[in-house]
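> dropping a prediction and its sequence here:
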Amino acid sequence: MKKQFLGLFLASALLVSACTPTAPIVTPAEVAPQATPVAPDTPAPPTVDVTDTANGERSVGPGFTIAINAETPTMAPGRHGTVHGHWKNVMTHNGLFRITEDLSPTPDLVSSWRAISDVLFEFTLHEGVYFHNGEELTAYDVINSLEFMRQFPEGAGQRTAVVSGEVIDRYTFTLYTGTPNSLMFAELAHHANFILPTSLIETGNDFNENPIGSGPFVFDDWNFGDSLTFTRFDNYFDADRTARVEYIHWRVIPEGASRTIALETGEVDYISHVAPPDIPRLQDDPNVTVLEIPGATIHYMLFNHTLPMFQNAYVRRAIDMAIDRESIVLGGFDGWGIPMWQQFPPDLPGASAEGIRSFDPQGAVALLAEQGIDPASITFDMIAISEEQRRKAEVVQANLADIGIHVTVTQIDLGGWLGQTNAAAHELAISTFTTNTLLGFMRSTIHASAIGAQNWSFFNHEEFTDLIDQAIATVDEDAKTALLHHITTRANEEVIWIPTHMNIAVRAFNSGLVQPEFAGNGFMFVNMIHWAE
């Protein structure tokens, strides 16, 4: 049996958050036109030789196929809030920063930076970074991209920090935050702030159909509902992170058992979403490598707070008490999860366990009776996008039936799920969220300005919004941690949503492949995956 286990590590993951900025990024009118074409005398982009490195180990091999459980809603960065889209965006685009295995932001397009003050920062780009259309990436593209991205509400939660920006020269620019903002670097690593060519912005390019960026792969083809194909970008600026395969092929296979069979028969080489019942079988297969790590993704159920029944905190608390987390992890995920009651991931600094309840169906019945609420008056539909989520919802359905609450379960595709949750057309939605900071998680999911973006519960509470804004602007770490503890305690009391468990991230792939990077957030830089020498 061939297994590879990564060290135990429970942290938090990407999809960081924020709010809509108060003012647009400033693009100096006198220099903006220079951003459009690369100057005629700009040298042609070099071709990166990935076979000639100091250790002599890098070589370009054939491609491989990844099976995924759902399709990205769009190829355009900043136009979605899904992991399925993020994985594609990091193939074709770059941010000023990227998130590392330890879930911290590190410079990507940026070669260096310095803090001029608590609210003003200067950045210098790597020279010789080229977009897929042959244009060199410059400071003008940075400022114009950040301004362009502001029009799309789907990424508004990741665009709070930067208030304005200014080009200093071709490779240097400044960003101004207005007030101290501890989320800035994490936001700059998010796909909502990836950098696009100014020339294509100005000509109205459709970045869904033509996602030109500076990333390690070039988009090739999208057979909607079935597959996507990307080919290696030979002029990628970072030799250490240039792809070592010629292409990546993504297959959309919704059924978990079908993904497993496809891997076993060689139809695909990698599974990004492994069906929990099949994990033991794959672990015993000598031709398959299984990676697993306690993850940083919280699984939860989102109330639609615009509905009167869910505006009643006693109803939310009773539902919270009636749901058996242990049964959810066993019944929905075959034990591959860590049951939780806290509103936010417990290992993040500042996360509080105060104010939580426990599994107590009799207590739930008594609470409703005390408040004069008839359980039969509470009825709603739960929407889920995968087999595992549907099984989880069916456990919840049985739990709530035990206390007299009748609910239904509907499994829909990701596009339908987003359509309902973005429009507040859902009643209760099964969901997941991944973040690399507690504050980022809060900013994305419960801040009033994120309604219409990733605040899919439509939670609009002035107290929480004000406290989050205060925490973002707090420089002292001890004071910030105390504020976060207070906010999360209040969230536990309010039961903003129903947390069920933290995931265990699992990947399964052909044993001939090597995956050198794997973090608790489960996010993948597929350019680093390659066939063994």
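On my side now, so go ahead. Residues are numbered from 1 along each chain as shown.

> could you point out which element follows the lengthiest helix in the chain?
The residue-count maximum for a helix in the chain (DSSP state H) belongs to helix 477-494. Remark: after helix 477-494, the chain's next helix or strand is strand 498-510, criterion DSSP states H and E.

> partner strands of that next one, parallel or antiparallel?
strand 270-271 (antiparallel), strand 288-303 (antiparallel), strand 337-339 (antiparallel) (DSSP bridges).

> circling back: show me the contact partners of the longest helix of the chain.
For helix 477-494, contacts defined as C-beta atoms under 8 Å, 6 or more residues apart in numbering pick out 182, 313, 316, 341-344, 349-356, 438-439, 442, 446, 461, 463-464, 467-468, 470-471, 474. Placement of C-beta: from N, CA and C, glycine included.

> in it, which residues are buried?
For helix 477-494, burial by neighbour count (16 or more other C-beta atoms under 10 Å) applies to 480-481, 483-485, 487-494.

> how about stretch 108-117?
With burial defined by 16+ other C-beta under 10 Å, the residues of stretch 108-117 counted as buried are 108, 109, 110, 113.

> wait, the second one touches residue 127, no?
So the one you mean is residue 109. No - look at residue 109 against residue 127 with C-beta atoms under 8 Å: they stay out of range, at 10.8 Å.

> skip the chain neighbours and tell me the closest residue to residue 465.
Once flanking residues are discounted, residue 465 sits nearest to residue 448: 4.5 Å by C-beta to C-beta, 6 or more residues apart in numbering.

> could you point out which element follows the helix or strand containing residue 368?
Secondary structure assignment for residue 368, by DSSP H and E: helix 361-370. Sequence-wise, the next helix or strand downstream of helix 361-370 (DSSP H and E) is strand 379-384.

> packing partners of that next one?
helix 387-401, strand 406-411, helix 414-422, strand 428-434 (3 or more C-beta pairs under 8 Å, 6 or more residues apart in numbering; DSSP states H and E).

> now do 10 Å
strand 288-303, helix 387-401, strand 406-411, helix 414-422, strand 428-434 (3 or more C-beta pairs under 10 Å, 6 or more residues apart in numbering; DSSP states H and E).

> if we can go back for a sec, now tell me what touches the helix holding residue 368 from outside.
Defining contact as C-beta atoms under 10 Å, 6 or more residues apart in numbering, one finds that helix 361-370 is touched by 314-315, 317-324, 357, 360, 373-375, 377-378, 399-400, 402-405.

> buried ones among those?
315, 317-324, 357, 373, 375, 378, 399-400, 403, 405.

> surely residue 212 touches residue 145?
No - using C-beta atoms under 10 Å, residue 212 is not in contact with residue 145, being 11.8 Å away.

> and for the two, which residues touch both?
93, 196, 197.

> just the buried subset of the residues you listed, written out for PyMOL, thanks.
Entered in PyMOL, the line below selects the buried ones among the shared contacts of residue 212 and residue 145, by 16+ other C-beta under 10 Å:
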select buried, resi 93+196+197
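
> any chance of the shared contacts of residue 212 and residue 145 in TSV, plus distance to residue 118?
Shown next, in TSV, are the shared contacts of residue 212 and residue 145 (distance: C-beta to C-beta, whole Å):
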residue	distance to residue 118
93	29
196	29
197	32
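
> quickly find the element holding the residue lying closest to residue 233 once chain neighbours are set aside.
Leaving aside its sequence neighbours, residue 233 sits nearest to residue 218 (C-beta to C-beta, 6+ apart; 5.1 Å). If you go by DSSP H and E, residue 218 is part of strand 217-223.

> contacts for the helix or strand following that strand next, please.
Toward the C-terminal end, the helix or strand that comes next after strand 217-223 (DSSP H and E) is strand 227-232. Residues outside strand 227-232 that contact it (C-beta under 10 Å, 6+ apart): 48, 50, 60, 63, 65-66, 68, 71-72, 75, 88, 91-92, 211, 215-223, 242-253, 526-527.

> what sits against residue 248?
By C-beta under 10 Å, 6+ apart, the contact list for residue 248 reads 63-66, 87-88, 91, 216-217, 220, 228-232, 269-270, 526-527, 529.

> burial of residue 188, as a residue count?
31 (other C-beta atoms under 10 Å).

> distance check, residue 168 against residue 336.
50 Å (C-beta to C-beta, to the nearest Å).

> neighbour count: those two, which is higher?
Comparing residue 168 with residue 336 by other C-beta under 10 Å, the one with more neighbours is residue 336, at 21 against 13.

> so that one sits right up against residue 388, yeah?
Yes - the pair residue 336 and residue 388 passes the contact test of C-beta under 10 Å, sitting 9.0 Å apart.

> what do these two both touch?
275, 276, 277, 503.

> compare neighbour counts for residue 212 and residue 145 and give me the winner.
When residue 212 and residue 145 are compared for neighbours, residue 145 comes out ahead with 25 against 19, by other C-beta under 10 Å.

> quick check, that one in contact with residue 196.
Yes - Residue 145 lies in contact with residue 196 (C-beta under 10 Å); the separation is 4.7 Å.

> so which residues of this structure form helices?
Ranges of helices within the chain are 83-92, 139-149, 184-188, 198-202, 256-265, 279-283, 313-322, 325-333, 361-370, 387-401, 414-422, 438-445, 462-472, 477-494, based on DSSP H.

> could those helices be laid out in a markdown table, adding distance to residue 131 and mean pLDDT?
Output for the helices of the chain, formatted as a markdown table (distance: least, C-beta to C-beta, whole Å; pLDDT from 0 to 100):
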| stretch | distance to residue 131 | mean pLDDT |
| --- | --- | --- |
| helix 83-92 | 10 | 90 |
| helix 139-149 | 8 | 96 |
| helix 184-188 | 18 | 91 |
| helix 198-202 | 8 | 97 |
| helix 256-265 | 34 | 96 |
| helix 279-283 | 39 | 96 |
| helix 313-322 | 48 | 97 |
| helix 325-333 | 41 | 92 |
| helix 361-370 | 56 | 97 |
| helix 387-401 | 38 | 95 |
| helix 414-422 | 28 | 90 |
| helix 438-445 | 28 | 88 |
| helix 462-472 | 33 | 94 |
| helix 477-494 | 38 | 94 |
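
> as TSV, those helices with distance to residue 118 would be great.
Formatted as TSV, the helices of the chain follow (distance: least, C-beta to C-beta, whole Å):
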stretch	distance to residue 118
helix 83-92	30
helix 139-149	20
helix 184-188	11
helix 198-202	30
helix 256-265	48
helix 279-283	47
helix 313-322	38
helix 325-333	42
helix 361-370	46
helix 387-401	43
helix 414-422	35
helix 438-445	17
helix 462-472	13
helix 477-494	14
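
> brilliant, that's me finished.
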